[in-house]
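[1] Test case, fold it:
(one chain, ligands or ions: 1)
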Amino acid sequence: MNRPLAKFTPPPPPVSYRPLDDGWRQWIAENRLRDCTAESVIATMVAAGVHPHDAQISVMQMESNPVFLAARRHQELLRKLESVVANQQRLWESAPRYATVEKRGEVEADEFVERYVRGSRPLVLTGLTADWPAMKRWSPNYLKQHFGHLSVEIQCKRNSDARYEENKLDHREVQLCGDFVDRVVSGGPTNDYYMTANNEALRQPGFAPLLDDIGSLPPICDRAQLSRSSSFWFGPAGTVTPLHHDTLMLFHTQVVGRKRWRFISPLDTPKLYNFNGVFSPIDVDKPDLKRFPLFADVTMLEVVVEAGETVFLPLGWWHQVTSLDVSLSFSFSNLNIPNQFSYANPTMPDW
Ligand SMILES: O=C(O)CCC(=O)C(=O)O
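    Prediction:
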């Protein structure tokens, strides 16, 4: 007799887990080196589709991986260095007026070098421009009348790119200076366009007369080097130069309008997530402390620089700069003391 066939229940389809490749292994190593717990690393992997067994085994194996152990040894050296700079920063911050950016009329060369250059303190000079013809002449209209026919390079379409300063080569546009003046004057506050130091206008012979409008320089500057080491900035209210550090010391004079400068000590670099070049991904106006928790321990200095005032930017100090008005400024780095420094800049924009 034919028996009826047993009811057939097909097996469940195989669950497809994400393969555990070298990309995951590097991710595990990086996150364990950043002190994420083994449990949180495993949980994130499982949530992303890695088989729980694979996740657990690979995280455990990492602890005895010889390459990872070598990384741990280098990390100890880095931690030592970080603790040295953190202690030094605590000493600086223990000064009662650490967080105040001084404004001073005049400073003799010796004191300048001792207190501000070697002492690494930002400063605002209030009296430098008393004899600068630029203070009486420069305005958007003056630019248009005298230089309107010249081409200038500006930074454009910044609002469409959160990393506009890191990607500044992609944001270049050439425009007639007169047209750019019209755009700034009629456009109202915006961060979308700005003529920054990249414009190199002062290296163009046509713009050279602007340099005749610069009077006395700080006593530690070399006038002969002015034309090759100065820059011109022009833009609307609302421009933001994001948090970065320069690789030399400079002065930055506000000729028209005001700018707000925020400064952070170079010794706080380990708290600024500096994964790419000289840039920090933190916007000091609205820091994302969930992503960048170390920033909570940073002491920031802040000053509004008025027309006629000059900022001294000491070596390596981080700064974020916001224009409060239509602004014309002039910066120069022709210090007559050594001003060339090299930085080992990281190259991990996608960290
Ligand atoms: O004025 C600005 O927008 C930025 C100035 C600046 O970052 C600099 O001179 O290094």
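[2] Just confirm F232 is within a helix.
    No: looking at F232 with DSSP: H, G, I helix; E, B strand; the rest coil, it is strand, so not inside a helix.
[3] my guess is it contacts D213, does it?
    No: in this structure, F232 is not within contact of D213 by Cβ atoms under 8 Å, at 10.9 Å. C-beta coordinates here come from the backbone N, C-alpha and C atoms, glycine included.
[4] These two - which one has more neighbours?
    Neighbours were counted for F232 and for D213 using other Cβ atoms under 10 Å; F232 has more, 22 against 16.
[5] Please report the distance of the closest residue to D212 other than its chain neighbours from the ligand.
    Counting by Cβ to Cβ, 6 or more residues apart in numbering, D212 lies nearest to P133, which is 7.3 Å off, once chain neighbours are set aside. When distance is defined by Cβ to the nearest ligand atom, to the nearest Å, P133 is 21 Å away from the ligand.
[6] and P133, what pLDDT?
    Per-residue pLDDT puts P133 at 98.
[7] I'd like to check which residues are in contact with it.
    With contact taken as Cβ atoms under 8 Å, 6 or more residues apart in numbering, P133 is in contact with 212-213, 215.
[8] export these to CSV and tack on secondary structure and pLDDT?
    Listed next are these as CSV, based on DSSP: H, G, I helix; E, B strand; the rest coil; pLDDT from 0 to 100:
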residue, secondary structure, pLDDT
D212, helix, 96
D213, helix, 97
G215, coil, 98
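[9] Identify, from the residues you listed, the entry nearest to the ligand.
    Closest to the ligand out of the contacts of P133 is D213 (18.5 Å), distances taken as Cβ to the nearest ligand atom.
[10] ok, back up a step: filter the contacts of P133 down to the ones close to the ligand.
    Here nothing survives when the contacts of P133 are matched to the ligand using Cβ under 6 Å from any ligand atom.
[11] can you list these in CSV and add distance to E102?
    Output for the contacts of P133, formatted as CSV (distance: Cβ to Cβ, whole Å):
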residue, distance to E102
D212, 30
D213, 27
G215, 22
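[12] of those, closest to P346?
    Set against P346, the nearest of those by Cβ to Cβ is D213 (39.6 Å).
[13] Give me the nearest residue to the closest one, chain neighbours excluded.
    Using Cβ to Cβ, 6+ apart, the nearest residue to D213 is A134, at 3.8 Å.
[14] Domain-wise, how is this structure divided?
    17-94, 100-332 (automatic domain parsing).
[15] among those domains, which is nearest A344?
    Per Cβ to Cβ, nearest to A344 of those: domain 100-332, 10.9 Å.
[16] Phi and psi next, for the closest residue to the ligand within the stretch 1-150 of the chain.
    Per Cβ to the nearest ligand atom, P122 is where the stretch 1-150 of the chain lies closest to the ligand, at 11.9 Å. Main-chain torsions, P122, degrees, to the nearest 10: phi -70, psi 150.
[17] residue contacts, it?
    Counting by Cβ under 8 Å, 6+ apart, P122 has contacts 101, 116, 261, 263, 301, 303, 311-314, 317.
[18] can you pull the buried residues of the helix or strand where K136 lies?
    K136 belongs to helix 133-137 when assigned by DSSP states H and E. For helix 133-137, a neighbour-count test (16 or more other Cβ atoms under 10 Å) marks 134-135 as buried.
[19] Run the chain-centre distance for that helix.
    How far helix 133-137 lies from its chain's middle: 31 Å, per Cα atoms, centre = their mean, to the nearest Å.
[20] continuing past it, what's the next helix or strand?
    Assigned by DSSP H and E, the successor of helix 133-137 is helix 140-147.
[21] Run through who's touching that next one.
    With Cβ under 8 Å, 6+ apart as the criterion, helix 140-147 contacts 177-178, 181-182, 184-185, 206-207, 209-210, 234, 256, 326, 328.
[22] swap in stretch 305-317?
    Against stretch 305-317 from outside (Cβ under 8 Å, 6+ apart): 103, 116-117, 120-126, 128-129, 135, 218, 245-246, 248-261, 263-266, 269, 303, 319, 341, 343.
[23] residue in the stretch 101-250 of the chain nearest to the ligand?
    Counting by Cβ to the nearest ligand atom, the stretch 101-250 of the chain gets nearest the ligand through T241, at 3.5 Å.
[24] Now V326: phi and psi?
    Per degrees, to the nearest 10, the backbone of V326 is at phi -50, psi 130.
[25] quick one, what contacts it?
    Counting by Cβ under 8 Å, 6+ apart, the residues that V326 touches are 140, 184-185, 235-237, 256-257.
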